[in-house]
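Student: The following comprises the amino acid sequence and a computationally predicted model.
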Amino acid sequence: MLRFIIRRLLVILPMVLLVITIAYALIKLAPGNFYATERGLPEAVERNIRQKYGLDKSWYVQYGKTMWNIMRGDFGFSRKYQDQTVNEILWQAAPVSATLGLTAYLLALTLGLTFGTLAALRQNSALDYGSMAAAMLGISLPNFVLGPLLVLVFALTLFWLPPARWEWWVKIGSGGIPNPRFLLMPAVTLAALYTAYIARLTRSGMLEVLRKDYIRTARAKGLSERQVVIRHALRGGILPVVSFTGPALAFIVAGTVVVERVFAIPGLGNYFINAALNRDAPLLLGITAFVAILVLVFNLLVDIAYAFIDPRIRY
Amino acid sequence: MSQQPPSEIEKIPTRNPNESLDKAPTLAPPSTVAAQQKINTPEAIAADQLYGTAPPSNELWQETAGGQLEGTSLWRDAWRRLKKNKFAMLGLIVTGIIIVASLLGPTLLRIATKGTHTYDFIPQQGELVRAMPPSLNHPMGTDPQGRDMLARVLYGGQISLMVGLVSTFVSLLIGVAYGATAGYLGGRVDNLMMRIVDVLFAIPYMMLVIVLLALFEKSLVLLFAALGAISWLTMARIVRGQVLSLKNQEFVEAARSIGVPTWKIILRHLVPNTLGPVIVYATLTVPSVMLQEAFLSYLGLGVQAPRSSWGTLAAEGAQNIAIFPWLIIFPGIVMALTLFSLNFVGDGLRDALDPQMRKV
Amino acid sequence: MSEENGTLLSVRELRTYFETEDGTVKAVDGVSFELKRGETLGIVGESGSGKSVTNLSLLRLVPQPPGRIVSGEVLFNGEDIFALSEGEMRKIRGKRIAMIFQDPMTSLNPFMRISKQLMEITQLHLGHTRAQAYERAVEMLETVGMPDARTRARSYPHEFSGGMRQRVMIAMALSCEPELLIADEPTTALDVTIQAQILELIKELKRKTGTSVILITHDLGVVAGMTDHIIVMYAGKVFEQATTRELFACPGNPYTKGLLRSVPDPSHEEGTELYQIPGLPPDVARLPPGCPFAPRCERAEEICRREYPPFVQLNHDHHSLCHFAREVYDKSCHERESRKPAQEFTLNAPQSDSPATEQNQ
């Protein structure tokens, strides 16, 4: 197991570098510059800017320097937000996105597992059909439609919740505890799709397990239906969900990009889009690297968790 | 038993809840071998019996044993099952209506209204336009430029569906080629190729796609390529799993042992048997790709003006939600309805086609 | 054997149906039998004959829906099983009636240590503490011949071979000392050499504990050496019912005869083609009006296709469902006479020393 973890950790580093390199290559190959304006710049000014940011050097020097700095954890200054380093922006924005993502994640897991299991246990009941229809809707309704609709109903019509803002309730460092009134709608919007996926995965996983011979054995032992489900079925039934939680994080990251925009939340997603549109290379690379590391490490954790749940897996 | 391909597709049986999946011998194997198999593995049938699925009627077997091409009955069988699935059929009908309406609707509307209800409507000089709420004249209202929303939504459907289909096709090409190669070659090549897929699975693609589309000139071709390129991984896994398990199945061995040439095995057995899961997954990829397109369009990175897709329409609508809610509600509803239907069709097809899910 | 020779289990007119897309499948259709204390009953039939469903019905473990116990009565120690509450039923399952299933590879929970799976049952029924249950688990594993039981108890099922897993299943089934053990094709999924070991083990444990056993199998060779009585099932119905010796000696049903002929017989000369009953088991959802076996039967006549056969009593403890039961019975008894003293079929699977078998010759 330890060897597996070390091996995987060793793979993560080149993968992060690969992702950064792809992003870097895209930035370099793309037309346009971060300093370009509508009117164009005087040649002297442009030359000065290029010199200042080292853009006059050959590409491999630039690449080498960038990668070296990134590996030391230094992403440099943002091109757009001139007085802030990328690390400062990450430090500011990451807790916001993390709070949002984590809330959505837990919400999706709780609701998805609950409804998925119930649907499987009461197969073909109204509860089953209801949950699955809701899940299908969750999969079919884009979050940028769901978000505004929630705002329309709960903020603009019923006036229950404030429309679009972010506020720390208790501030700790650059993060803290968010105000649940502001968090609720974005979290629900973000969670909808994953709740739906997890519910469907749980249901099908449980149905498959409940058909297994060892469940029949457990019943033949005289265990009650509850004991059968909790002790024997649940473990195998949630395996597909466990393996989904890895990719789910990557999806959630993408989801936050939209949700943050819908609800005007100052998270990483918003910075990321703006960085891409402004060709703010350091910030773009910084966020990409941060997320890539996060996702890859999380995937490793999921694999480890999997091995703990399923004793047949040996790494 | 054949090993389950490591597919990501969820399996949601809707028909017979207690059929024994892992025990059920496939119907697909060619007649004689299968029939023999049938007699000799009583446990298999015992399991079916136990769970209430009757062994196949004698007529069915004789029909298959009559030397019919198994592919034919496989498809006919699947179709018969699909027809029984009300949700899937409803989805199929709705999808059909939406496709036809998207294709013909804009033109018909233009003709019927003499050019006033079009997605590219330009008001005459001095004409006052504003966003009007839904009315009899404009069932979905109009946008601030006075364009009929129904026409825009139908036209948006053309683009959205096109993106969905083309990108799925791209992912299909890559995925099938990759998966089939890995599965067929097997051994270390397979191992390496699948490790690469595993690794790629962990990469947050959407970020790279966002970077790509934000930086480069946005064109539909780029969008197809980008969406296709991030959707092939699961397809590759499914195809590889299918090919691998089919390769080792008795009926392929049987075919080989009686001297059927390899190309014939591939054509007769591997292709039809792999086609089922591939079609199922492709059907499910279409809505997911459409969703991604909408997502990118919402961010201003997908379909660009003057073209518009459901994504761009919804994005426009989201900006003015407080004042003109119909601008987001209608594109949103139509899009959700389409994805909903496509997902039901995909689920239904899976139940009808996936050999792992099949009855007996 | 057991001191009291009373009836342990009595099944009357049991009917279990399944609702499927293709209509109602009468998986078990009017099955009756009795089992005395300490006896072993064999239930034999091809796949789909309803033998497994019969026994799942006894424990009310038929998955429902789609399954449904339509009618019938099961008396266990005089207690009506179908009248019990679910809670009372659970006190019987695993404690007084235990089951061993066909495939030991899938019948054990792959996510749980063997010890825990064994402990679960005694903790539940005997109120054992964890420590007691653990000791009992180890003890049971030793009883079923698990080498190094104490250390291996902590293993997971996938770390065992098929034969060992079936031993674990048997250990689990017997750990509450049930009055009835139902073994549903306990050896089908195992290698031939392991099969013999497992059968021997069941036989030995039965002798030690005096448990009654129902042995379900499709292989007549298996039941020959183990059982006192045999029921032959076909299409959800009892086709023949007799003592083991009688059934092997004078089968009174063409189907039984077919089954007997299709067992490989080493006494036959080499090169003799192995007999196979022609055709396939019927679709129980669409049975013809006459005898369900008629389409495959060599002896079938017009009446067989038209009318449902009677359940003929051939002698004190021998019944057969056939229009020509008496004729078939007489013929096979006669054949047997003329075959003597040549080796009998039954000799390749020696008869148990059970005294319960009655002589009818």
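Tutor: Arrived safely, thanks for sending. Numbering: from 1, shown residues only, chains lettered A, B, ... in the order given.
Student: list the contacts for the most centrally placed residue in chain C?
Tutor: When chain C is reduced to its mean C-alpha position, the closest residue under C-alpha atoms, centre = their mean turns out to be residue C:216, at 1.9 Å. Contact partners of residue C:216, counting by C-beta atoms under 8 Å, 6 or more residues apart in numbering or on different chains, are C:42-43, C:51-52, C:55, C:182-185. Just so you know, the C-beta spots here come from the backbone N, C-alpha and C atoms, and that holds for glycine as well.
Student: Ok, residue B:166 next?
Tutor: Taking C-beta under 8 Å, 6+ apart as the contact definition, residue B:166 lies against B:224, B:228.
Student: returning to that earlier point: looking at the contacts of residue C:216, which is nearest chain A?
Tutor: residue C:182 (8.7 Å; C-beta to the nearest C-beta).
Student: Is the helix or strand where that closest one lies positioned near chain A?
Tutor: Mapping residue C:182 onto the secondary structure by DSSP states H and E places it in strand C:180-184. No. Under the criterion of C-beta under 8 Å from any C-beta of the partner chain, strand C:180-184 makes no contact with chain A; the nearest approach is 8.7 Å.
Student: Parallel or antiparallel, list what pairs with that strand.
Tutor: If you go by DSSP bridges, strand C:180-184 pairs up with strand C:97-100 (parallel), strand C:212-217 (parallel).
Student: Pretty sure residue C:73 sits in a strand.
Tutor: Yes. Following the definition DSSP: H, G, I helix; E, B strand; the rest coil, residue C:73 is counted among the residues of a strand.
Student: Could you list the buried residues of the helix or strand that residue A:129 is a member of?
Tutor: Taking DSSP H and E as the definition, one finds residue A:129 inside helix A:126-140. When burial is assessed from 16 or more other C-beta atoms under 10 Å in any protein chain shown, helix A:126-140 yields the following buried residues: A:128, A:131-132, A:134-140.
Student: That one and chain B in contact?
Tutor: Yes. Part of helix A:126-140 sits near chain B under the criterion C-beta under 8 Å from any C-beta, namely A:132, A:136-137, A:139-140.
Student: Looking at those, spot the one nearest residue C:20.
Tutor: Distance ranking of the residues of helix A:126-140 next to chain B against residue C:20, using C-beta to C-beta, places residue A:132 first at 22.3 Å.
Student: could you list every residue that touches the closest residue to that closest one other than its chain neighbours?
Tutor: What sits nearest to residue A:132 in space, not counting adjacent residues and going by C-beta to C-beta, 6 or more residues apart in numbering or on different chains, is residue A:119, at 6.1 Å. Residues in contact with residue A:119, defined by C-beta under 8 Å, 6+ apart, are A:127-128, A:131-132, A:199, A:202-203.
Student: Need phi/psi at residue C:237.
Tutor: Geometry field for residue C:237 lists phi and psi as phi -120, psi 150, criterion degrees, to the nearest 10.
Student: Also residue C:8?
Tutor: According to degrees, to the nearest 10, the main-chain angles of residue C:8 amount to phi -90, psi -40.
Student: any idea how far chain A is from it?
Tutor: For residue C:8, the distance to chain A equals 18 Å [C-beta to the nearest C-beta, to the nearest Å].
Student: And the host helix or strand of residue A:60, what's buried?
Tutor: In this structure, residue A:60 sits in helix A:59-71 according to DSSP H and E. When burial is assessed from 16+ other C-beta under 10 Å, helix A:59-71 yields the following buried residues: A:62, A:66, A:70.
Student: Quick one: residues contacting the second one.
Tutor: Right, the one you point to is residue A:66. A:24, A:285 are the contacts of residue A:66 under C-beta under 8 Å, 6+ apart.
Student: The one 10 residues further on too?
Tutor: Residues near residue A:76 by C-beta under 8 Å, 6+ apart: A:69, A:85-86, A:282.
Student: which stretches of the stretch 101-250 of chain B have low pLDDT?
Tutor: B:109-132, B:135-141, B:144, B:146, B:202, B:247-250 (pLDDT under 70).
Student: Give me every residue in it lying close to chain A.
Tutor: B:199, B:201-208, B:210-212, B:214-217.
Student: Please spell out the ChimeraX selection for the buried subset of the residues you listed.
Tutor: Only the buried members of these end up in this ChimeraX selection, burial being decided by 16+ other C-beta under 10 Å:
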select /B:199,201,202,203,204,205,206,207,208,210,211,212,214,215
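Student: and the residues of the stretch 101-250 of chain B next to chain A, which of them are in helices?
Tutor: Of the positions in these, B:199, B:201, B:205-208, B:210-212, B:214-215 sit in helices, assigned by DSSP state H.
Student: wait, does stretch A:240-248 make contact with chain C?
Tutor: No. Using C-beta under 8 Å from any C-beta, no contact is recorded between stretch A:240-248 and chain C, whose separation bottoms out at 12.2 Å.
Student: Name the residues of that stretch that are buried.
Tutor: When neighbours are counted by 16+ other C-beta under 10 Å, the buried residues of stretch A:240-248 are found to be A:240-248.
Student: Flag the least confident of those.
Tutor: Taking the buried residues of stretch A:240-248 together, the minimum pLDDT is found at residue A:247 (72).
Student: As a check, name the ranges of all helices in the stretch 101-250 of chain C.
Tutor: Counting by DSSP state H, counting those that start in this stretch, the segments of the stretch 101-250 of chain C that form helices are C:104-107, C:114-125, C:130-143, C:149-152, C:162-174, C:192-209, C:220-224, C:244-249.
Student: Quick one: mean pLDDT for the helix or strand just after the last one?
Tutor: Okay, so that is helix C:244-249. On the C-terminal side of helix C:244-249, the closest following helix or strand by DSSP H and E is helix C:254-261. Along helix C:254-261, the predicted local confidence has a mean pLDDT of 82.
Student: Pull the residues that contact the following helix or strand past helix C:254-261.
Tutor: Sequence order places helix C:302-306 as the next helix or strand after helix C:254-261, per DSSP H and E. The contact list for helix C:302-306 (C-beta under 8 Å, 6+ apart) reads C:288-291, C:294-295, C:297, C:323.
Student: Going through these, which ones are buried?
Tutor: Using 16+ other C-beta under 10 Å as the burial test, the contacts of helix C:302-306 include C:290-291, C:294-295, C:297, C:323 as buried.
Student: Out of these, the closest to chain B would be?
Tutor: Proximity of those to chain B, judged by C-beta to the nearest C-beta, is greatest for residue C:295, which lies at 8.2 Å.
Student: I figured the closest one was touching residue C:283, is that so?
Tutor: No. Using C-beta atoms under 8 Å as the test, residue C:295 is too far from residue C:283 to be in contact (11.0 Å).
Student: Quickly check: stretch A:214-228 near chain B or not.
Tutor: No. Figure legend: stretch A:214-228 not in contact with chain B (C-beta under 8 Å from any C-beta); closest approach 9.2 Å.
Student: CA atoms only: put that stretch into PDB for me.
Tutor: Below are the C-alpha coordinates for stretch A:214-228, written out as PDB (Å, rounded to 0.1, in the frame of the first residue of the first chain):
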ATOM      1  CA  TYR A 214     -24.300 -13.200  -0.400                       C
ATOM      2  CA  ILE A 215     -27.300 -11.000   0.400                       C
ATOM      3  CA  ARG A 216     -29.500 -14.100   0.100                       C
ATOM      4  CA  THR A 217     -27.100 -15.800   2.500                       C
ATOM      5  CA  ALA A 218     -27.400 -12.900   4.900                       C
ATOM      6  CA  ARG A 219     -31.200 -13.200   4.800                       C
ATOM      7  CA  ALA A 220     -31.000 -16.900   5.300                       C
ATOM      8  CA  LYS A 221     -29.000 -16.300   8.400                       C
ATOM      9  CA  GLY A 222     -32.100 -14.600   9.900                       C
ATOM     10  CA  LEU A 223     -30.800 -11.000   9.800                       C
ATOM     11  CA  SER A 224     -33.400  -8.300   9.600                       C
ATOM     12  CA  GLU A 225     -33.800  -6.400   6.400                       C
ATOM     13  CA  ARG A 226     -32.200  -3.400   8.000                       C
ATOM     14  CA  GLN A 227     -29.200  -5.400   9.100                       C
ATOM     15  CA  VAL A 228     -28.900  -7.000   5.700                       C
END
